[in-house]
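J.: Quick check, what structure comes out for this input:
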Amino acid sequence: MTSAKTVDLSVTLGALRLRNPILAASGTFGYGIEFAHLVDLNRLGGFVTKGLSREPMEGAPAPRLCETASGMLNAVGLQNVGVRAFVAEKLPVLRKFDTAVIANVFGYALEDYVEVIRILEDAEGLAGYELNISCPNVKMGGMQFGGDCVLAAEVVAAARKVAVHRPLWVKLSPLVTDIGLIARAVSEAGADALTVANTYPAMAVDHRTGRSLLGNQTGGLSGPAIKPITLRLVWETAKAVRTPVIGLGGIETVGDVLEYIAVGASAVQVGTASFADPAVSQRIVERLERGVFDGKPFTLKEIRDKFVAENG
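T.: Prediction:
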């Protein structure tokens, strides 16, 4: 082995093979098209679109973002064009790129998830689906499934019946007593991979005005502040199931990526960091080759196996 370019960064998530383990996270990368002039999308392992609903949604009132210590609060409210407009207007452009496009799907009821996937199943250009059963900043829907094993399994099983052509990922909530129980429930119901985890419900206020710094009273906390907590959740999930785990929370550097890989993640998603640096995902890919090469061993699996051997 003579250079970092010879390092094999490819990963397998069930039936889906990615050229590297770096994906841009849903809600931080638009529909991908918006970043195409800033990032070489073909260099990424893939990206997850912003959440798609049955009908268009206007989202939450402004302001929608608020900086916090070592992180960010967001209350976008899942604004999106709706699944039909996505298929008609966004997918034709996305087909031009050689990268895995994962459609994030959410709903207020089980039937919503099923209908969105049914429409997407008839379209070309997607590599898979990510079910959002855990969004903390909408008034109803999504999150009601993520905290209950039975409900989570039901929505995944229903989605699995219509998602016959593509892999099905499930984005889990961090707000559960035992994430291993939820992970096992959705894995047994048909999930091909688990994204761990969504943002954490939080708030920020202006004591002078007595108002929230967001249009909503609360939002979802993300960024470096949550990484230590989410690392633990990834570790617990990876111990509970054989289903591939995708780590998400506070990733900004190659070191962050390798820490998630060490505790059991097969891939990662870069989220909040893209707000400060839209090209951060591509930069991490480029530096990851050198980071793995210099660190020896030369494969991501060996990094994960070493941690398991030392810590169980």
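
J.: drop to CA atoms for contacts and neighbour counts, all remaining ones
T.: Will do.

J.: and residue 23, that one's in a helix?
T.: No - Residue 23 sits outside any helix when classified using DSSP: H, G, I helix; E, B strand; the rest coil, being strand.

J.: Quick check: phi and psi at residue 267.
T.: Listed backbone geometry of residue 267 is phi -150, psi 170, with angles given as degrees, to the nearest 10.

J.: Give me the pLDDT for the closest residue to it other than its chain neighbours.
T.: In space, not counting the residues next to it along the chain, residue 267 is nearest to residue 21; the distance is 4.3 Å by CA to CA, 6 or more residues apart in numbering. Looking at residue 21, its pLDDT reads 98.

J.: next one: residue 138
T.: We note a pLDDT of 50 for residue 138 in this prediction.

J.: How about residue 306?
T.: 85.

J.: I'd say it and residue 264 touch.
T.: No - judged on CA atoms under 8 Å, residue 306 makes no contact with residue 264 at a distance of 10.5 Å.

J.: Can you tell me the SS state at residue 67?
T.: Criterion first, three-state DSSP; result for residue 67: strand.

J.: Let me see the contact set for it.
T.: Shown here is residue 67, whose contacts under the criterion CA atoms under 8 Å, 6 or more residues apart in numbering are residue 73.

J.: give me the beta-bridge partners of it?
T.: For residue 67, the beta-bridge assignment (DSSP bridges) gives partners residue 72.

J.: Give me the distance between residue 276 and residue 163.
T.: When distance is defined by CA to CA, to the nearest Å, residue 276 is 35 Å away from residue 163.

J.: next one: phi and psi at the residue nearest to residue 267?
T.: Residue 21 has phi and psi values of phi -90, psi 10 when expressed as degrees, to the nearest 10.

J.: before we move on, what about residue 119?
T.: Dihedral angles (degrees, to the nearest 10) for residue 119: phi -70, psi -40.

J.: what ranges do the strands span in the stretch 201-312 of the chain?
T.: For the stretch 201-312 of the chain, the strands defined by DSSP state E, counting those that start in this stretch occupy 205-206, 211-212, 219-222, 245-248, 267-270.

J.: Of all the ones you listed, which one is nearest residue 82?
T.: Each of the strands of the stretch 201-312 of the chain has some distance to residue 82 by CA to CA; the shortest is strand 219-222, at 21.9 Å.

J.: What lies in contact with the closest one?
T.: When contacts are taken as CA under 8 Å, 6+ apart, the neighbours of strand 219-222 outside the stretch itself are 71-75, 136-137, 199-203, 249-250, 272.

J.: Comparing residue 276 and residue 163, which shows the higher neighbour count?
T.: residue 163 (20 against 8; other CA atoms under 10 Å).

J.: In this model residue 115 seems to touch that one, though I could be wrong.
T.: No - shown here, residue 163 and residue 115 do not form a contact pair, counting by CA under 8 Å, at 10.5 Å.

J.: residue at max distance from the center of the protein?
T.: residue 208 (35.9 Å; CA atoms, centre = their mean).

J.: List of residues touching the helix or strand hosting residue 117?
T.: Counting by DSSP states H and E, the element that carries residue 117 is helix 110-121. Judged by CA under 8 Å, 6+ apart, the contacts made with helix 110-121 from elsewhere in the structure are 52-54, 83-84, 87, 105-107, 129, 131, 155, 158-159, 162-165.

J.: quick one: buried residues of it?
T.: By neighbour count with 16 or more other CA atoms under 10 Å, helix 110-121 contains the buried residues 110, 112-118, 120-121.

J.: now stretch 193-205
T.: Judged by neighbour count using 16+ other CA under 10 Å, the buried positions of stretch 193-205 are 193-204.

J.: can you name the two of those that are farthest apart?
T.: Based on CA to CA, the longest span within the buried residues of stretch 193-205 runs between 193 and 204 and measures 32.9 Å.

J.: quick one on the thing from earlier: would TSV of the strands of the stretch 201-312 of the chain with distance to residue 236 and mean pLDDT be doable?
T.: Output for the strands of the stretch 201-312 of the chain, formatted as TSV (distance: least, CA to CA, whole Å; pLDDT from 0 to 100):
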stretch	distance to residue 236	mean pLDDT
strand 205-206	33	96
strand 211-212	34	96
strand 219-222	20	96
strand 245-248	10	98
strand 267-270	16	98
